[in-house]
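[1] predicted coordinates and the sequence they were generated for:
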Amino acid sequence: MAEVLTDKVIVITGAAEGIGYAIADSFLEKNPKAVIILDINEKLGAESAQTLNSKYGGNKAVYIKCDVTTDLEAVSKEIFDRYKTVDVLVNNAGITDEKLVRKTVALNVTAVLEWTFKFWGHMRKDKGGNGGTIINVSSICGYRRDQFLPVYKATKHAIMGFTRTIGHTFNYDLTGVRVVALCPGFTKTSLASKDRITVDPAIIRHYINYMKNTCPWQNPDSVGKAAAEVYEKGASGTAWEIEGGKPIVEVP
Ligand SMILES: NC(=O)c1ccc[n+]([C@@H]2O[C@H](COP(=O)([O-])OP(=O)(O)OC[C@H]3O[C@@H](n4cnc5c(N)ncnc54)[C@H](O)[C@@H]3O)[C@@H](O)[C@H]2O)c1
Ligand SMILES: CCCCC[C@H](O)/C=C/[C@H]1C=CC(=O)[C@@H]1CCCCCCC(=O)O
């Protein structure tokens, strides 16, 4: 049976812009109780919540300033105190920076694991929780093979292994918490904009050709809609590709 977002309390990390914002927008269409936007960008976070509230009414979008690499304890406590029950967590915040290995691993991997465990603990039916869903944003870089972005690829592969294990049927049957991965292809956001390229200069020419000739780009809205579909039908431990705005496909 399809899961529904109606009346759910949803937390999305890195949702001030880009894919996280598009997921917030698409989930608000389904009439949830609240969508909590966590982001380090205070100005954009507040503006984004305001834009979404103007669009949907009801002040359901709420911005809380948060660096997911340092603020887990304080912010999760604030959320649990205020809302009592959280039904959905989307671990979306992420970066590509091939030069800052520790920062990239801290955000793309360590934070995702720690936020998952905190909310998994809160949601676990066998520990008195109500069950729930955790969506981890990986990437096509979580399973594709090419010569680019080794650091970023390592982090997104890690998210695939983690999600498939913690979301394994055994763990789902034990806890009632669903954990799934979303794997977008190239999506027009700040993360993928050329002025932020940190790729080795020796391969940059190949990278630009690759981007020009091989990459079906999509808008963040396609990923937002895909996330709602994955929420509705994705079994625990599965991963879903969304590339070029085409229909979602389960990653084998
Ligand atoms: N854009 C793509 O092509 C693409 C493709 C596949 C997967 N992804 C993944 O999607 C996710 C979102 O990427 P995007 O393209 O929307 O990026 P983006 O840069 O447009 O947005 C990322 C958001 O995360 C926030 N953020 C950064 N560090 C943070 C921190 N420490 N704590 C809290 N918030 C923080 C930023 O302020 C920003 O609002 C990432 O995990 C990325 O790896 C992106
Ligand atoms: C050198 C890059 C070649 C691209 C090959 C790679 O398989 C593709 C990666 C993008 C597709 C989905 C993503 O998450 C990825 C987002 C790409 C963002 C690129 C930003 C590069 C940077 O800022 O260092």
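    Received the coordinates, thanks. Ligands and ions are numbered 1, 2, ... in the order given.
[2] residue boundaries of the strands in the protein?
    9-13, 34-39, 61-65, 88-91, 132-137, 177-184, 239-242, 249-250 (DSSP state E).
[3] with mean pLDDT added, can I get those strands in CSV?
    Putting the strands of the chain into CSV (pLDDT from 0 to 100) gives the following:
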stretch, mean pLDDT
strand 9-13, 99
strand 34-39, 98
strand 61-65, 98
strand 88-91, 99
strand 132-137, 99
strand 177-184, 98
strand 239-242, 98
strand 249-250, 98
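[4] which one's the longest helix in this structure?
    As assigned by DSSP state H, the longest helix anywhere in the chain is helix 150-166.
[5] quick one, that helix and strand 132-137 angle?
    160 degrees (axes from the mean of the first three to the mean of the last three CA atoms, to 10 degrees).
[6] which residues are in contact with helix 150-166?
    94, 96-98, 101, 104-105, 108-109, 112-113, 116, 120, 136-139, 141-143, 171, 179-181, 183, 237, 239, 251 (CB atoms under 8 Å, 6 or more residues apart in numbering). C-beta: built from backbone N, CA, C; applies to glycine.
[7] one more: stretch 68-77?
    Under CB under 8 Å, 6+ apart, the answer for stretch 68-77 is 13-14, 38, 64, 66, 93, 106-107, 110-111, 114-115, 118-119, 122.
[8] could you dump the strands of the chain to a markdown table with distance to ligand 2 and mean neighbour count?
    Formatted as a markdown table, the strands of the chain follow (distance: least, CB to the nearest ligand atom, whole Å; neighbours: other CB atoms under 10 Å):
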| stretch | distance to ligand 2 | mean neighbour count |
| --- | --- | --- |
| strand 9-13 | 16 | 26 |
| strand 34-39 | 18 | 26 |
| strand 61-65 | 25 | 20 |
| strand 88-91 | 14 | 27 |
| strand 132-137 | 9 | 25 |
| strand 177-184 | 6 | 27 |
| strand 239-242 | 10 | 23 |
| strand 249-250 | 15 | 12 |
